[in-house]
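Undergrad: Quick one, what's the 3D model for this:
(4 chains)
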Protein chains: 4
Amino acid sequence: MPLTSRHEITVEWGDCDPAGIVYYPSYFRWCDQATYRLFLAAGLKRDDITSGQWKEGTPLVKAECSFRRPSQHGEKLVMESHVSRFGNSSFTISHVFRDASGAVAAEGTETRIWARKDGDARSLTSVPIPDDVRKKLGG
Amino acid sequence: MPLTSRHEITVEWGDCDPAGIVYYPSYFRWCDQATYRLFLAAGLKRDDITSGQWKEGTPLVKAECSFRRPSQHGEKLVMESHVSRFGNSSFTISHVFRDASGAVAAEGTETRIWARKDGDARSLTSVPIPDDVRKKLGG
Amino acid sequence: MPLTSRHEITVEWGDCDPAGIVYYPSYFRWCDQATYRLFLAAGLKRDDITSGQWKEGTPLVKAECSFRRPSQHGEKLVMESHVSRFGNSSFTISHVFRDASGAVAAEGTETRIWARKDGDARSLTSVPIPDDVRKKLGG
Amino acid sequence: MPLTSRHEITVEWGDCDPAGIVYYPSYFRWCDQATYRLFLAAGLKRDDITSGQWKEGTPLVKAECSFRRPSQHGEKLVMESHVSRFGNSSFTISHVFRDASGAVAAEGTETRIWARKDGDARSLTSVPIPDDVRKKLGG
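TA: Numbers count the residues shown, from 1 in each chain, chains lettered A, B, ... in the order given. This is a model prediction of the structure:
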């Protein structure tokens, strides 16, 4: 069973655009934040930078999101996130956003790889997902 | 033939994250900006707010992007954007990002609808894409 | 006595830059969010847009922030916010950010006016701060 | 004579908020970008991360901005930036934003220090501004 994390976000004034609804790149910021929380819930630390240098992490291969119902400033959305697919090095996190009525406001996925930096910041090498990561996330 | 617009963006310090590469929601901001420029190149104005109120525009139904090569602060990326599909009310814009070497750094699509606001900001009603919009964008 | 609101924020991955610390415009986003929460705590709604149109609100005249200690991804900061000055139409909100040790990480102010929109979005007219707003915020 | 750089920015849809005008933290993003361009114009590279690791740069001590006239989506603003004060390790960059009419839309300053990272990302040590930096920026 995949581990599922729940995470409430507040739609901030600055997350919205002149149409008075959420500016769509904000949903992707929230997906990134939700994946971080899913990892925390699993007792994992993604993208450790305490050394002052990023060495290993989970860069994106693909992201997509479908927008069902517009949301406005001040609304609270509940996100549910889990890993829906494990490959060798890549994995997919599925995110659902629900509004106060329980209706799906948006849903999306992120496909990430487990990667190590080998020299400069662009030399990312994919590595197999560590076993304990897989176990802790329920894969 | 669809109208294609070209648009150069500079990867700013604030577009990047602690891994030293572009923070992925930035690509979606750039896609939104590129669609605006495509409309400008077509002599169209998307999301007119000069009245002080948004009344008609092109909200998102879906967005996706694949990330091929990480980019860093200071790089210039050239985007090429065109409408790759026209439905009745919905349409899809395809975006390609190329780095200085000409290699594809990322590519994505936005699916939008033509919509009118009917009351509050969430009451968006899809309407047929106006004929002149379709013609000017090459549909 | 001015009403003080407390509000915890998490430093997100996307709030940070390639130096591995908070990208400074993020602090201003947080100040804006904290002012919204201060108004909520006072039972006030700033910048109502439920009508689908912004008509009255609190645009900025000036903002400043001093940065004492850099913060990193995953840190939690507690903000304390209160109105530190009431003029006729303008007022100043003071914000302090403390890190987990209680040390001041940053502190800043926003000077805003009470304004009404009179026609297009740029025709903002300053109006006297309503009495109930002043009372509820402790002025 | 301080070196002055000029830099045009376009107010993007996503830089604005539901009031239909620029969301104020955007001005600080633009200040950061303008400082980067000022350094480029001087033949300097701020915050080098090509090594994959930030080691030396110009973190902020304080930032402030006054907002004179609201701007809207699609407007072009011209920024003028120069170093208005050199200390031993700290320096102040002044930025002015002008709209198409030439009127000042906003003006602000950033106070930065020259810093070196000594271990983790928070251990920033201020160092004297290198002489060639000072000369190239006109100090």
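
Undergrad: C-alpha only now, for contacts and for neighbours.
TA: Will do.

Undergrad: Off-centre distance for the one helix or strand in chain A whose mean pLDDT sits lowest?
TA: Comparing helices and strands within chain A by mean pLDDT, DSSP states H and E singles out strand A:56-57 as the least confident, with a mean of 84. Taking Cα atoms, centre = their mean, to the nearest Å, one finds strand A:56-57 lying 15 Å from the centre of the chain it belongs to.

Undergrad: and what of stretch A:15-26?
TA: Averaged C-alpha coordinates place stretch A:15-26 at 19 Å from its chain's average position (Cα atoms, centre = their mean).

Undergrad: before we move on, what about stretch A:2-15?
TA: Average the C-alpha atoms of stretch A:2-15, do the same for its chain, and the two points are 10 Å apart (Cα atoms, centre = their mean).

Undergrad: Do it and chain B come into contact?
TA: No: with Cα under 8 Å from any Cα of the partner chain as the measure, stretch A:2-15 is seen stopping short of chain B, the closest distance being 12.1 Å.

Undergrad: On the three-state scheme, A:Tyr36 is what?
TA: With DSSP: H, G, I helix; E, B strand; the rest coil as the basis, the three-state label of A:Tyr36 is helix.

Undergrad: Just the pLDDT at it, thanks.
TA: A:Tyr36 is assigned 95 on the pLDDT scale.

Undergrad: Then the one 10 residues further on?
TA: If you check A:Arg46, the pLDDT there is 68.

Undergrad: Likewise for A:Cys16?
TA: Turning to A:Cys16, the model gives it a pLDDT of 96.

Undergrad: Might one say that A:Lys136 is in contact with A:Gly43?
TA: Yes: A:Lys136 is within contact range of A:Gly43, at 7.4 Å (criterion: Cα atoms under 8 Å).

Undergrad: re earlier: what strands flank the following helix or strand past the least confident helix or strand of chain A, and is each parallel or antiparallel?
TA: The helix or strand immediately downstream of strand A:56-57 is strand A:60-67, counting by DSSP states H and E. When sheet partners are counted by DSSP bridges, strand A:60-67 sits next to strand A:104-113 (antiparallel), strand B:60-67 (antiparallel).

Undergrad: Throw those into TSV and include mean neighbour count, thanks.
TA: Output for the strands paired with strand A:60-67, formatted as TSV (neighbours: other Cα atoms under 10 Å in any protein chain shown):
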stretch	mean neighbour count
strand A:104-113	22
strand B:60-67	22
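
Undergrad: Could you dump those into a markdown table with mean pLDDT added?
TA: Compiled in a markdown table, the strands paired with strand A:60-67 are given as follows (pLDDT from 0 to 100):
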| stretch | mean pLDDT |
| --- | --- |
| strand A:104-113 | 98 |
| strand B:60-67 | 98 |
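
Undergrad: residue ranges with poor pLDDT in chain A?
TA: Within chain A, the stretches falling below the threshold (pLDDT under 70) are A:46-54, A:119, A:121.

Undergrad: where along it do the helices fall?
TA: For chain A, applying DSSP state H gives helices covering A:25-41, A:131-136.

Undergrad: Just list what the last one packs against, helices and strands only.
TA: If you count contacts as 3 or more Cα pairs under 8 Å, 6 or more residues apart in numbering or on different chains; DSSP states H and E, helix A:131-136 packs onto no helix or strand.

Undergrad: redo that, cut-off 10 Å
TA: The criterion is 3 or more Cα pairs under 10 Å, 6 or more residues apart in numbering or on different chains; DSSP states H and E, and the helices and strands that helix A:131-136 contacts are helix A:25-41.

Undergrad: Dump the helix it packs on to PDB, restricted to CA.
TA: Coordinates of the C-alpha atoms in helix A:25-41 are reproduced here as PDB (Å, rounded to 0.1, in the frame of the first residue of the first chain):
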ATOM      1  CA  PRO A  25       1.800  27.600 -12.100                       C
ATOM      2  CA  SER A  26       0.900  27.800  -8.400                       C
ATOM      3  CA  TYR A  27      -0.500  24.300  -8.600                       C
ATOM      4  CA  PHE A  28       2.900  23.000  -9.600                       C
ATOM      5  CA  ARG A  29       4.500  24.800  -6.700                       C
ATOM      6  CA  TRP A  30       2.000  23.100  -4.400                       C
ATOM      7  CA  CYS A  31       2.700  19.700  -6.000                       C
ATOM      8  CA  ASP A  32       6.400  20.200  -5.300                       C
ATOM      9  CA  GLN A  33       5.600  21.100  -1.700                       C
ATOM     10  CA  ALA A  34       3.300  18.100  -1.300                       C
ATOM     11  CA  THR A  35       6.000  15.700  -2.500                       C
ATOM     12  CA  TYR A  36       8.400  17.200   0.000                       C
ATOM     13  CA  ARG A  37       5.700  16.500   2.700                       C
ATOM     14  CA  LEU A  38       5.100  13.000   1.500                       C
ATOM     15  CA  PHE A  39       8.900  12.300   1.900                       C
ATOM     16  CA  LEU A  40       8.800  13.900   5.400                       C
ATOM     17  CA  ALA A  41       5.900  11.700   6.300                       C
END
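
Undergrad: Pull out the buried positions in that helix.
TA: Using 16 or more other Cα atoms under 10 Å in any protein chain shown as the burial criterion, the residues of helix A:25-41 that qualify are A:25-39, A:41.

Undergrad: on contacts alone, who are the packing partners of it?
TA: Secondary-structure packing of helix A:25-41 (3+ Cα pairs under 10 Å, 6+ apart): strand A:4-10, strand A:60-67, strand A:76-86, strand A:90-98, strand A:104-113, helix A:131-136, helix B:25-41.

Undergrad: how much does the fifth one deviate in direction from strand A:76-86?
TA: Here the directions of strand A:104-113 and strand A:76-86 differ by 40 degrees (axes from the mean of the first three to the mean of the last three Cα atoms, to 10 degrees).

Undergrad: Same check on the fourth one?
TA: Computed by the same axes, to 10 degrees, the angle separating strand A:90-98 from strand A:76-86 equals 160 degrees.

Undergrad: name the helices or strands packed onto strand A:90-98?
TA: In terms of contact count using 3+ Cα pairs under 10 Å, 6+ apart, strand A:90-98 is assigned the packing partners strand A:4-10, helix A:25-41, strand A:60-67, strand A:76-86, strand A:104-113.

Undergrad: JSON lines for those, including distance to A:Ser123?
TA: Formatted as JSON lines, these follow (distance: least, Cα to Cα, whole Å):
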{"stretch": "strand A:4-10", "distance to A:Ser123": "31"}
{"stretch": "helix A:25-41", "distance to A:Ser123": "22"}
{"stretch": "strand A:60-67", "distance to A:Ser123": "14"}
{"stretch": "strand A:76-86", "distance to A:Ser123": "23"}
{"stretch": "strand A:104-113", "distance to A:Ser123": "14"}
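
Undergrad: what's the closest of these to C:Trp13?
TA: The closest approach between C:Trp13 and any of the helices and strands packed on strand A:90-98, judged by Cα to Cα, belongs to helix A:25-41 at 7.4 Å.
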